[in-house]
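J.: turn this into a model:
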Amino acid sequence: MSTYLLVHGAWHDGTAWQRVVPLLADAGHRVLAPSLTGYGDRAHLLGPDVGLDTHVDDVVRLLTDEDLTDVILVGHSYAGLVVAGASERVPECISRLVFLDAMVPADGESAVDVMPITQVLIDRAAPGWRIPPLPEGPGGLFGVTDPDDVAWLHTMLSDQPALCLQQPVHLGNPAARRIPRTHIHCTAGAPPERRPVPPEDDVWELPTGHDCMITMPVELTELLLKLDA
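T.: The predicted model follows:
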């Protein structure tokens, strides 16, 4: 059976997947949901030199150190760039890429290129490299509106280094482009402007906010399990 490797987005850590991991595991799958460098149990490593390349290295190292194959690699939000970069380096480990309400880069693009509004966050960063989590707004905190869930989400949020949003991802490995791809879009609230999805890629939707692993873990798990059918 496939192994699921779940990669969290900006400002979050691996505990964001806490409601999804046991559901996938109960279906018989191995599930990994690490915290990237600078977050969660690796928060002490946060610094201005932590960037997209660091996080791609995190995922590639985990795939190779654990000798993983037939991996369904899921990247949420910013981690769309991370999983795209990782797939370039170890395509033989990955059976499918999943872009979960995620940034989907072209070759040479950074998060700023994919979502230019992130430049505003970089410009406001203090002391020049630390970008604090987005504040709660009318649509909740990252699309989470339940007060208990919002309180829990606050416990896992921390600053994002600006370099993560500035470093480009380099694509071009033909083997990586042959990996099947699925895009899951969260449609509640004001949806972000999305790029057209290539016709060969699958597109699914969830009627919830951005952090669907918190707001709709059962429904998200059901979609992810279809990928191993």
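J.: show me the shaky parts of the protein.
T.: Scanning the chain for pLDDT under 70 picks out 126, 190-192.
J.: rerun at 90
T.: Flagging of the chain using pLDDT under 90 yields the residue ranges 1, 117, 124-128, 138-139, 189-196, 229.
J.: and the next helix or strand past the helix ranked longest in the chain?
T.: Longest helix in the chain, counting residues (DSSP state H): helix 52-65. Downstream of helix 52-65, the first helix or strand assigned by DSSP states H and E is strand 71-76.
J.: which helices and strands does that next one pack with?
T.: Contacts defined by 3 or more C-beta pairs under 8 Å, 6 or more residues apart in numbering; DSSP states H and E place strand 71-76 against strand 3-7, helix 79-89, strand 94-100. (Each C-beta comes from the backbone N, C-alpha and C, glycine too.)
J.: that strand vs strand 94-100, what angle?
T.: 20 degrees (axes from the mean of the first three to the mean of the last three C-alpha atoms, to 10 degrees).
J.: and the residue nearest the centre of the protein?
T.: Geometric centre of the chain, nearest residue: His76, 2.4 Å, by C-alpha atoms, centre = their mean.
J.: quick one: residues contacting it.
T.: Residues near His76 by C-beta atoms under 8 Å, 6 or more residues apart in numbering: Leu6, Val7, His8, Gly9, His12, Ala16, Leu100, Asp101, Ala102, Asp211, Met213.
J.: if you set the cut-off to 7 Å instead, what comes out?
T.: Applying C-beta atoms under 7 Å, 6 or more residues apart in numbering, we find His76 in contact with Val7, His8, Gly9, Leu100, Asp101, Ala102, Met213.
J.: and the residues you listed, which is closest to Ala125?
T.: Nearest to Ala125 out of the contacts of His76 is Gly9 (C-beta to C-beta; 17.5 Å).
J.: now do the closest one: how many residues are near it, please.
T.: Other residues within reach of Gly9, judged by other C-beta atoms under 10 Å, total 24.
J.: and for Val31?
T.: When neighbours are counted by other C-beta under 10 Å, Val31 comes out with 20.
J.: ok, it touching Leu5?
T.: No: using C-beta atoms under 7 Å, Val31 makes no contact with Leu5, being 8.0 Å away.
J.: for the chain, just list every one of the helices.
T.: 21-26, 52-65, 79-89, 111-114, 118-123, 147-154, 162-166, 174-177, 212-215, 217-226.
J.: reformat those as a markdown table; add mean neighbour count.
T.: Formatted as a markdown table, the helices of the chain follow (neighbours: other C-beta atoms under 10 Å):
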| stretch | mean neighbour count |
| --- | --- |
| helix 21-26 | 16 |
| helix 52-65 | 19 |
| helix 79-89 | 26 |
| helix 111-114 | 21 |
| helix 118-123 | 15 |
| helix 147-154 | 14 |
| helix 162-166 | 22 |
| helix 174-177 | 13 |
| helix 212-215 | 25 |
| helix 217-226 | 17 |
